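**Student:** starting from these lines, generate the structure:
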Amino acid sequence: MVALTTVDNPFDPIDDFDNWYAFDLLQGHDSCGLLARVAKTSDTLSDKEYELEVERAIDEIIKYDLEKKFVKVKR
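**Tutor:** Sure thing, here's the model as predicted:
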């Protein structure tokens, strides 16, 4: 499992999503919205294909993140 987060967020997006999400929105990051715009997902993807696409999108976001505020959490 992978997730996108920011370096300033003290909450874990996998284990404590509600607090993580509230902090993310309060700080104006909207990490979920950004990920949704970058990931090319559809209902026709298998679970594995979906996971791979989300990870690809996270890697792309981090690659082009000039402020270096985004990081990937992987378990």
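
**Student:** so which bits of the longest helix seen in the chain are buried?
**Tutor:** With secondary structure taken from DSSP state H, the chain has its longest helix at helix 47-63. By 16 or more other C-beta atoms under 10 Å, the buried positions in helix 47-63 come out as 53-55, 57-58, 61. C-beta here means a position set from N, CA and C on the backbone, and glycine is covered the same way.

**Student:** using CSV, lay out the residues you listed together with pLDDT.
**Tutor:** Supplementary listing: the buried residues of helix 47-63 in CSV, determined by pLDDT from 0 to 100:
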residue, pLDDT
Glu53, 98
Val54, 98
Glu55, 98
Ala57, 98
Ile58, 98
Ile61, 98
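
**Student:** need the strands for this protein, in chain order.
**Tutor:** In the chain, the strands defined using DSSP state E lie at 2-6, 70-74.

**Student:** deepest of those strands, which one?
**Tutor:** strand 2-6 (a mean of 20; mean count of other C-beta atoms under 10 Å).
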